[in-house]
Each structure stands twice: as C-alpha cells, then as structure tokens.
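Engineer: No letters, just coordinates:
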C-alpha cells in the first residue's frame, strides 16, 4: 500500500485499493458460488435414490388414454396404501403407447418408474385395476429393470 503525504489522500488511496481488490475477487467468488450451486444440483450416484422401471402391458376393451390410466394407477395406490404409501412409491409414468395392431383387443404398452423398495406394492396396485370408465381392463407386468434401456431391450 502506498503512503500519501496527507491523511485525506491516504484515505482515498485506501478506498481505491480496496475497490480494486473487491472487483478482482468478486468474479472469482461469483464463479465459486455458481459452481457450488451447480454441484448441489447434481448428486453423485452413491447418494441418488434407487429406481426400478416396470414394462407393463394393458389389455382392454377399448382404447385408454394416458391420463385416464395414470389417474387410475394413482387411485389404486391411494386406496391400497394411503397418502404416505403412495408418495413413498414415487410412481411416474415414463411413457405409454397405444397398440397399432388391432387384434381382438386394444390396449397399449408403457413404462412406469417407482422406488426400488416399493416394486411389489406398485405391482399389487396395478393388479387391482379392473376397469377404467366402465371398460374392463387388465394390466400385466412384463419386465422389471433398473434402467430404461434394460426394460426396452428385447429378450
């Protein structure tokens, strides 16, 4: 730090030096804070919650919409396990496609994500669904895997 001849000049030099220090440090601090926020958003694999993906098939009398199916799955979970059990299962419908080939029955195929320790509860709730909007329905779980790629891979 430079020393000036009088006290007023000394104060000005001190303020100017402090401002230049803060401006050079501030971008680094901003970068560090941004990296810290980014690092908190991405968890390492050891801390992430484990998931399971269920490939299921819907057999029904008429075509079922994705929203109707999801509503019925949640209703079944709530009726069997209540609010706490349904929220702990962390069910999420990844995708649902209607079948294009129209044999005797229409239906679709979908992928459902859930918590790894609630697979049996989710399967039980899927088995309890018998009708959607007065159309008889059956849901059959084809495959369970830890990744979407594993579920969609052919046997």
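Structural biologist: Cool, the structure landed. Please read these numbers as outputs of a predicted model, since none were measured by experiment. Numbers count the residues shown, from 1 in each chain.
Engineer: domain ranges for the chain?
Structural biologist: Residue ranges for each domain of the chain read 1-42, 51-152, as given by automatic domain parsing.
Engineer: Pick out the shakiest of the ones you listed, pLDDT-wise.
Structural biologist: Sorting the domains of the chain by mean pLDDT places domain 1-42 lowest, at a mean of 55.
Engineer: could you pull out the strands for this protein?
Structural biologist: Per DSSP state E, the chain carries strands over the ranges 51-60, 92-98, 106-115, 131-132, 135-145.
Engineer: list the contacts for residue 116?
Structural biologist: Contacts for residue 116 (CB atoms under 8 Å, 6 or more residues apart in numbering) come out as 49-52, 146. (C-beta placed from N, C-alpha, C; glycine too.)
Engineer: Which one of those is nearest to residue 130?
Structural biologist: Closest approach to residue 130 among the contacts of residue 116 (CB to CB): residue 52, at 23.9 Å.
Engineer: and that closest one, what are its bridge partners?
Structural biologist: Beta-bridge partners recorded for residue 52 (DSSP bridges): residue 114.
Engineer: again, but for residue 137
Structural biologist: Assessed by DSSP bridges, residue 137 has beta-bridge partners residue 60.
Engineer: How many residues are close by it?
Structural biologist: The number of residues packed around residue 137, counting by other CB atoms under 10 Å, is 19.
Engineer: Confirm for me that it is in contact with residue 63.
Structural biologist: No. Residue 137 lies out of contact with residue 63 (CB atoms under 8 Å); the separation is 11.0 Å.
Engineer: Among the contacts of residue 116, name the buried ones.
Structural biologist: Among those, those scoring as buried are 51-52 (criterion: 16 or more other CB atoms under 10 Å).
Engineer: will you turn the contacts of residue 116 into a markdown table that also has distance to residue 77?
Structural biologist: As requested, these are exported to a markdown table (distance: CB to CB, whole Å):
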| residue | distance to residue 77 |
| --- | --- |
| 49 | 18 |
| 50 | 19 |
| 51 | 16 |
| 52 | 15 |
| 146 | 21 |
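Engineer: now, which of the contacts of residue 116 sits nearest residue 131?
Structural biologist: residue 52 (26.3 Å).
Engineer: thinking again about what came up before, residues in contact with both of residue 137 and residue 63, list them for me.
Structural biologist: By CB under 8 Å, 6+ apart, no residue touches both residue 137 and residue 63.
Engineer: circling back: could you export the strands of the chain to JSON lines, including columns for distance to residue 74?
Structural biologist: Listed next are the strands of the chain as JSON lines, based on distance: least, CB to CB, whole Å:
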{"stretch": "strand 51-60", "distance to residue 74": "15"}
{"stretch": "strand 92-98", "distance to residue 74": "10"}
{"stretch": "strand 106-115", "distance to residue 74": "11"}
{"stretch": "strand 131-132", "distance to residue 74": "12"}
{"stretch": "strand 135-145", "distance to residue 74": "14"}
